[in-house]
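In: Sequence and predicted structure, then a few things I'm wondering about:
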Amino acid sequence: MDFGLTDEQDLMRATARQFVADVCPAEKAKRWDEEGVVPPELFRGMAELGRFSLPFAEEEGGDGGGPLELVLIAEELGRASFDVAMCCIGVLIPGITVFRWGSEAQRDFIREHVMTGRHRLAVGLSEPDSGSDAAALRTTAEDHGDHFLVRGQKAWCTGGGLPDSETRTLMSGKRPKRLSKMSAESVSSMGRWP
């Protein structure tokens, strides 16, 4: 059994390594972090390389990559900084989730805006008393027919302060047997979230 990378995976890794060298070497990533900026060329470059469409099936408009390809990309981007890697992977975590369990309108939004890099998603999971332990979440969402009443706190929102991103998902439930996702509808430059 061959555990080596395919030629395509080797090329993907080399392309990601060159992207880091050209666009976001460690010194530059450190400066961005100290200045509190995330330049548009970082996201634009990732989008041009197809990083935001990588984990989605080809028949859905994606590039058909799997977990190993995501790890290769995250590892290479992480050579610059963890924050640079999270600029990509942090968009994909909620994107994959919404694409799998969301409505057709939400999947269309992912295809048209997230896979192309025109818009980013953010996720609020961690809470002050439970960290990122999804089974210990205390935030709840009560369905009141025409609206939801959300109660709880989040410690931070991964990707929430990035350009062209909005918080879209909340995890809810009191020690749920099954976690649920709630899409927080909001208005953005891209229109209403479906």
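Out: That came in fine, so what should we check first? Residues are numbered from 1 along each chain as shown.
In: Residues contacting stretch 1-19, please?
Out: Stretch 1-19 is contacted from outside by Gly45, Met46, Leu49, Leu68, Glu69, Leu72, Ile73, Glu75, Glu76, Leu77, Arg79, using Cβ atoms under 8 Å, 6 or more residues apart in numbering. From N, CA and C alone the C-beta is placed, and that goes for glycine too.
In: Mind doing that once more with 10 Å?
Out: With Cβ atoms under 10 Å, 6 or more residues apart in numbering as the test, stretch 1-19 has contacts from 42, 45-46, 48-51, 54, 63, 65-66, 68-69, 71-77, 79-80, 84, 88.
In: Buried among these? Make that a PyMOL selection.
Out: Per 16 or more other Cβ atoms under 10 Å, the buried members of those correspond to this PyMOL selection:
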select buried, resi 42+45+46+49+50+51+54+63+65+69+72+73+74+76+77+79+80+84+88
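In: In helices, which of the contacts of stretch 1-19 fall?
Out: For these, the ones inside helices are 42, 45-46, 48, 68-69, 71-77, 84, 88, with DSSP state H as the criterion.
In: Next one: Leu137 relative to Ala47, how far apart?
Out: Computed as Cβ to Cβ, to the nearest Å, the Leu137 to Ala47 distance reads 32 Å.
In: Glu60 too?
Out: 17 Å.
In: Show me where this structure has its helices.
Out: Taking DSSP H as the criterion, the chain carries its helices at 7-23, 26-35, 40-48, 67-78, 82-101, 104-109.
In: Any chance of JSON lines for those helices, columns distance to Arg118 and mean pLDDT?
Out: As requested, the helices of the chain are exported to JSON lines (distance: least, Cβ to Cβ, whole Å; pLDDT from 0 to 100):
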{"stretch": "helix 7-23", "distance to Arg118": "18", "mean pLDDT": "96"}
{"stretch": "helix 26-35", "distance to Arg118": "21", "mean pLDDT": "93"}
{"stretch": "helix 40-48", "distance to Arg118": "8", "mean pLDDT": "91"}
{"stretch": "helix 67-78", "distance to Arg118": "19", "mean pLDDT": "95"}
{"stretch": "helix 82-101", "distance to Arg118": "11", "mean pLDDT": "90"}
{"stretch": "helix 104-109", "distance to Arg118": "10", "mean pLDDT": "92"}
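In: Which one of those helices lies nearest to Ser126?
Out: Closest to Ser126 of the helices of the chain is helix 82-101 (Cβ to Cβ; 12.6 Å).
In: list the helices and strands the closest one packs on?
Out: Applying 3 or more Cβ pairs under 10 Å, 6 or more residues apart in numbering; DSSP states H and E, we find helix 82-101 packed against helix 7-23, helix 26-35, helix 40-48, helix 67-78, helix 104-109, strand 120-124, strand 165-172, strand 180-183.
In: how far off helix 26-35 does that helix point, in degrees?
Out: In terms of direction (axes from the mean of the first three to the mean of the last three Cα atoms, to 10 degrees), helix 82-101 departs from helix 26-35 by 80 degrees.
In: Give the buried residues for helix 82-101.
Out: Buried, per 16+ other Cβ under 10 Å, within helix 82-101: 83-96, 98-99.
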